[in-house]
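# Next comes the sequence, and after it the predicted model I'd like to discuss.
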Amino acid sequence: MVGYSTKRPILISILTVMGWIMVIFNFLIAFSPAIKKIGEFYPALYSLVMCLQFIAFVGIWYMKRWGLELFIASFFARDILAVLMGDFSNPGGMFLFSFTLSVLIIIVMLFYYKRMDLNL
């Protein structure tokens, strides 16, 4: 059907806005001196993962399945990168907060997965 869009529940709207705020703070952390000390290419890889998460939230905002799938992939990429580099000490405990918020977002979004649109 042309012009059909799935109505976005208010919970998804709230979590998406919180996710964008989380991504912005994490992206700013990528430029901190503490992150640069971890590895030469780590800030670039971390920034790439944050950009993917931002794009994923755009997809989630429009109720697209690819948004949730990209978010899950970038979530695991971020956490695998953190494990490989030993980075669990982001300033202000941001890693624990973003990890918890990401898990909450994934769990909630999985309930709405069938309502999300398959098309781009």
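Nice, I can see it. Treat the numbers as computed from the prediction; the structure is a model and nothing was measured. Numbering: from 1, shown residues only.

# What is the burial count for Ile24?
For Ile24, the count of nearby residues is 12 (other CB atoms under 10 Å). C-betas here are computed from N, CA, C, even on glycine.

# Would you map the helices across the chain?
10-29, 33-38, 42-61, 65-85, 94-111 (DSSP state H).

# Going by contacts, tell me the helices and strands next to the shortest one.
If I follow you right, that is helix 33-38. Packing partners of helix 33-38 (3 or more CB pairs under 8 Å, 6 or more residues apart in numbering; DSSP states H and E): helix 42-61.

# Now do the helix it packs on and helix 94-111, the angle between them.
Following axes from the mean of the first three to the mean of the last three CA atoms, to 10 degrees, one obtains 30 degrees for the angle between helix 42-61 and helix 94-111.

# Show me what counts as buried in helix 42-61.
42-43, 45-47, 49-50, 52-57, 59-61 (16 or more other CB atoms under 10 Å).

# And for stretch 9-21?
Ile12, Leu15, Thr16, Gly19, Trp20.

# what sits against the residue nearest to the first one when sequence neighbours are not counted?
Spatial nearest neighbour of Ile12, chain neighbours left out: Tyr112 (6.3 Å); criterion: CB to CB, 6 or more residues apart in numbering. Taking CB atoms under 8 Å, 6 or more residues apart in numbering as the contact definition, Tyr112 lies against Pro9, Ile12, Met63.
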